[in-house]
Structures are given as structure tokens and as C-alpha cells.
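Participant: this one's structure only:
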């Protein structure tokens, strides 16, 4: 039986501290809202029979691409949203 499931996202590396540790220092008000909106979006992707777990950094190498939180070009890292079986 599968105990967890994962979804991957690419987000700007400067959002990591807020997303992973809840440390919003250094972010502007709009950036804080962007992180909160993304966090809510990731929660809403929870599959049936699972509950929210946490985010983890999949790979800390940056890649210039569109950030899935802000929809802007940025140095992004891959993060994984982990959901646990209820």
C-alpha cells in the first residue's frame, strides 16, 4: 500500500526559506503573498485519501526557468510536496 505521494514544482530559490522554514524575512509584502498563494495551491493538489505533509527540496541546483509561484523567469529549484496516506 502506498503511504505517500509526491508532486514536484519549480519555484524561485529566494522563496525557499519562506516555503520550507516559514521564514519570510527579506521578502516584500507581495512576495509573501505569492508564497502563501503557492502554498495554498499546493495544498489544493492533495489527492483523495491523502493529507498534506510538507515541502522538501528535491534538488538544490538552480535552473533558469519560469517560477510556478510567481510565473516569472527566475533561478528556480525543484521542490516536492509530500502527501501522506490518511
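Facilitator: In hand now; what should we look at? Quantities reported herein were computed from a predicted structural model and do not represent experimental measurements.

Participant: now the end-to-end length of stretch 4-24.
Facilitator: 28 Å (C-alpha to C-alpha, to the nearest Å).

Participant: Please renumber the chain so that the first residue is 49 from this point on.
Facilitator: I'll keep to 49 as the first residue from here, and by that count the last item is stretch 52-72.

Participant: need the contact list for the closest residue to residue 116 other than its chain neighbours.
Facilitator: Nearest residue to residue 116 in three dimensions, chain neighbours excluded: residue 57, at 4.8 Å (C-beta to C-beta, 6 or more residues apart in numbering). Backbone N, C-alpha and C define where each C-beta goes, glycine included. By C-beta atoms under 8 Å, 6 or more residues apart in numbering, the contact list for residue 57 reads 86, 90, 116, 117, 126, 127, 128, 129.

Participant: Report the separation between residue 57 and residue 75.
Facilitator: 18 Å (C-beta to C-beta, to the nearest Å).

Participant: ok, now residue 118?
Facilitator: For residue 118, the distance to residue 75 - C-beta to C-beta - is 11 Å.

Participant: try residue 130
Facilitator: For residue 130, the distance to residue 75 - C-beta to C-beta - is 23 Å.
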